[in-house]
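Peer 1: I need the structure of the sequence given here:
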Amino acid sequence: MKVRAAGIWFALIAMSATVLGCGGGSPGTMPAFRSGTNAGVRAATSGSTKIQHVVIVIQENRSFDNFFATFPGADGTTTGKAAAMPGSIAESCPVKITKPTTIPLTEVDLQGNGFPPSYGYPANEDLDHIYSGFQIDRDKGKMDGFDLEGGGARGSGTPACTYPYQYVNPKDIAPYWDMAQQYVLSDHLFQTQGSGSFTAHQDLIAGGTQLSSSEALIDTPSYFPWGCDGNPAHLVTSVIKRATRKVYEFGGPFPCLTYSTMRDLLDAKSVAWKFYAVRVYPYTDCPKCQGAGIWSAFDAIKAVRYSPEWKNNVTRSNTDIFTDISNKKLPAVSWITPNGWDSDHPATKSDKGPSWVASIVNAVGQSSYWDSTAVVIVWDDWGGFYDHVVPPAAPGWQGGPGFRVPMLIVSPYVNAHVEHTQYEFGSILHFIEDNWNLGTLGRNDANSTSIGNAFDFNMPPRNFKVIPQRYPLQYFLHRPPSNEPLDTE
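Peer 2: This next block holds a predicted model:
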């Protein structure tokens, strides 16, 4: 996921041109509320909670420790484990790790600046965050392989050395810390798969990427757009197979998929939904723009792409959410993905992400929707950055659970607290399914504990306090679209 250096970018184009051919709630029920933060709270199961709108805000490429290493009461750290570097890596690194050790995390700004000038690794460079990189970082549960990963989203660049061992200065992401201090910060949310954005975004609409009982999508397609608008001659996916638990890179199908998603459950119960994203440019329309719409997850869902829902339920501008809030047309369930420059992606050299998210939260908070809404903010993958918490189980045949990423829950029906419950991406879907009595997709949504235990529906709605932001809403509304390729993983 990034705007890449020219050499790597053209290498990816050339490569793609050659490719031609655990535990928790049960399905459909709210899990029992644990003793602790919200002891004794009960929630309804048939759409009768006070939440009538769920807005899922999806940001990019940050581990929990990278953003909340020092948050009071959270499971964070400012030191990390590092494995001994083989000579081939050590000779390229200004800091050479010759034996297993513990090293400090370097405090940086949101754009990755903060390492000494002599360090040598460029700030804002992308890091390895596909499944093979996940396995290197995890190192069989030792969580010490981050100094062994490569640069670039697929790990094929210059060795990352100790660059992944960093955390962002809280002042640089003040809106996120403000929300965490006022509402809920989850410190044990794990990715459904240890991989990058394509599968993460599919997990957030479908609860998994299983093509069959023996095969699932993993990593990213060979080129973009990542969906039905791609070029069938050159665009294929990677798969992981149950029998071998190996990834077959670019050995999967064209990503115009037929598996069920939350759309099917929502439509069956006539629950309104919308996916707010920037325009997807078909491969024939705008060669330089083809990466601009890769985070529009329903472009990969055939039943949506080739139906009226592509026009009615999927936007061409993510700022449409502000119009819908103003016009009292916010649907019951919505997802919103960013423009690349607002995504928190470390390679964009941008500090706009926190203000972008604050704009969404403030728009909801200052509207008539506040008393009936939960805004869930999540980062799609760890981006190659260090995190110290071992995922709750060894990777299953589908490549997960993956690493921790931050999650914030902003709602008038939560008390300020750090939520330590183990969640996965399916936990968000599980709550939606329960809240509207939708049934279940039967994937990670069914096997993950609902986020419902973070709420207190016995409390009166809290008053909203505006989240201060560096860039105002008007900046995002009036800025021309970049139409630049945003990402690759």
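Peer 1: And this protein, what are its domain boundaries?
Peer 2: Annotated domains of the chain cover 25-69+171-213+256-478, 80-169 [automatic domain parsing].
Peer 1: For the stretch 301-450 of the chain, which segments count as helices?
Peer 2: Taking DSSP state H, counting those that start in this stretch as the criterion, the stretch 301-450 of the chain carries its helices at 302-305, 309-312, 320-326, 353-365, 425-435, 444-447.
Peer 1: Columns mean pLDDT on top of the domains of the chain, output as JSON lines?
Peer 2: JSON lines is the format used below for those (pLDDT from 0 to 100):
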{"stretch": "domain 25-69+171-213+256-478", "mean pLDDT": "92"}
{"stretch": "domain 80-169", "mean pLDDT": "91"}
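Peer 1: and these as TSV, adding mean neighbour count and distance to residue 241?
Peer 2: The way it works is simple: take the backbone N, C-alpha and C, and place the C-beta from them, glycine included. Output for the domains of the chain, formatted as TSV (neighbours: other Cβ atoms under 10 Å; distance: least, Cβ to Cβ, whole Å):
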stretch	mean neighbour count	distance to residue 241
domain 25-69+171-213+256-478	21	8
domain 80-169	19	12
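Peer 1: And stretch 400-407, end to end?
Peer 2: Using Cα to Cα, to the nearest Å, one end of stretch 400-407 lies 18 Å from the other.
Peer 1: List the contacts of it.
Peer 2: Stretch 400-407 has contacts (Cβ atoms under 8 Å, 6 or more residues apart in numbering) with 22, 62-65, 67-68, 134, 137-138, 176, 185-195, 376-382, 387, 389, 391-393, 395, 423-424, 444.
Peer 1: And residue 218, its phi and psi?
Peer 2: Dihedral pair for residue 218: phi -150, psi 160, per degrees, to the nearest 10.
Peer 1: Number the residues from 549 up from this point.
Peer 2: Sure, I'll start counting at 549 from here, so that last one is residue 766.
Peer 1: which residues touch it?
Peer 2: With Cβ under 8 Å, 6+ apart, residue 766 has these contacts: 679, 741, 743, 747, 757, 786, 787, 788, 795, 946, 947.
Peer 1: just checking, the last one touches residue 678?
Peer 2: No. Look at residue 947 against residue 678 with Cβ atoms under 8 Å: they stay out of range, at 9.8 Å.
Peer 1: which neighbours do these two share?
Peer 2: Common neighbours of residue 947 and residue 678, using Cβ under 8 Å, 6+ apart, are residue 743.
Peer 1: ok, which stretches of the stretch 799-948 of the chain are strands?
Peer 2: Counting by DSSP state E, counting those that start in this stretch, residue ranges of the strands within the stretch 799-948 of the chain are 821-824, 881-884, 921-927.
Peer 1: one step back: could the contacts of residue 766 be laid out in a markdown table, adding secondary structure?
Peer 2: Below are the contacts of residue 766 laid out as a markdown table (DSSP: H, G, I helix; E, B strand; the rest coil):
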| residue | secondary structure |
| --- | --- |
| 679 | helix |
| 741 | coil |
| 743 | coil |
| 747 | helix |
| 757 | coil |
| 786 | strand |
| 787 | strand |
| 788 | strand |
| 795 | strand |
| 946 | coil |
| 947 | coil |
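Peer 1: closest to residue 807 among those?
Peer 2: residue 757 (7.6 Å; Cβ to Cβ).
Peer 1: distance of the closest one from residue 704?
Peer 2: 23 Å (Cβ to Cβ, to the nearest Å).
Peer 1: what do you get for residue 982?
Peer 2: Separation of residue 982 from residue 704 (Cβ to Cβ): 42 Å.
Peer 1: One more: residue 637?
Peer 2: Going from residue 637 to residue 704 by Cβ to Cβ gives 14 Å.
Peer 1: Correct me if wrong: residue 799 contacts residue 786.
Peer 2: Yes. Using Cβ under 8 Å, residue 799 makes contact with residue 786 at a distance of 6.5 Å.
Peer 1: And these two? Which one has more around it.
Peer 2: Per other Cβ atoms under 10 Å, whichever of residue 799 and residue 786 has more neighbours is residue 786, with 21 against 15.
Peer 1: on that earlier part again, for residue 854, which of the strands of the stretch 799-948 of the chain is the nearest?
Peer 2: Across those, closest to residue 854 is strand 821-824 (Cβ to Cβ), at 15.4 Å.
Peer 1: Throw the strands of the stretch 799-948 of the chain into JSON lines and include distance to residue 842, thanks.
Peer 2: What follows is the strands of the stretch 799-948 of the chain, written out as JSON lines (distance: least, Cβ to Cβ, whole Å):
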{"stretch": "strand 821-824", "distance to residue 842": "13"}
{"stretch": "strand 881-884", "distance to residue 842": "14"}
{"stretch": "strand 921-927", "distance to residue 842": "16"}
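Peer 1: Tell me which of those sits nearest to residue 902.
Peer 2: Per Cβ to Cβ, nearest to residue 902 of the strands of the stretch 799-948 of the chain: strand 921-927, 10.3 Å.
Peer 1: what's the angle between the closest one and helix 901-913?
Peer 2: Put simply, strand 921-927 runs at 170 degrees to helix 901-913, going by axes from the mean of the first three to the mean of the last three Cα atoms, to 10 degrees.
Peer 1: how near is the residue nearest to the spatial centre of the chain to residue 874?
Peer 2: With distances taken as Cα atoms, centre = their mean, the residue of the chain nearest its centroid is residue 928 (1.1 Å). In this structure, residue 928 and residue 874 are 28 Å apart, going by Cβ to Cβ.
Peer 1: got it, and residue 960?
Peer 2: Counting by Cβ to Cβ, the gap between residue 960 and residue 874 amounts to 20 Å.
Peer 1: Pull up the gap between the nearest residue to residue 1009 once chain neighbours are set aside and residue 740, please.
Peer 2: Leaving aside its sequence neighbours, residue 1009 sits nearest to residue 960 (Cβ to Cβ, 6 or more residues apart in numbering; 3.6 Å). To residue 740, residue 960 is 28 Å away according to Cβ to Cβ.
Peer 1: And for residue 978?
Peer 2: From residue 978 to residue 740 the distance is 12 Å (Cβ to Cβ).
Peer 1: wait, doesn't the residue nearest to residue 1009 sit right on residue 1005?
Peer 2: No. Using Cβ under 8 Å, residue 960 makes no contact with residue 1005, being 10.3 Å away.
Peer 1: quick one: the helices in the stretch 699-848 of the chain?
Peer 2: Per DSSP H, counting those that start in this stretch, the stretch 699-848 of the chain carries helices over the ranges 722-730, 745-754, 810-816.
Peer 1: what packs against the second one?
Peer 2: Yep, that's helix 745-754 we're talking about. On a contact count with 3 or more Cβ pairs under 8 Å, 6 or more residues apart in numbering; DSSP states H and E, helix 745-754 meets strand 601-607, strand 763-766, helix 810-816, helix 973-983.
Peer 1: again, only using 7 Å
Peer 2: strand 601-607, strand 763-766 (3 or more Cβ pairs under 7 Å, 6 or more residues apart in numbering; DSSP states H and E).
Peer 1: C-alpha coordinates for the shortest one, CSV please?
Peer 2: Presented in CSV, the C-alpha positions along strand 763-766 are these (Å, rounded to 0.1, in the frame of the first residue of the first chain):
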residue,chain,number,x,y,z
GLU,A,763,-8.7,-22.4,-1.0
ALA,A,764,-8.7,-18.7,0.1
LEU,A,765,-7.5,-15.4,-1.3
ILE,A,766,-4.4,-13.9,0.3
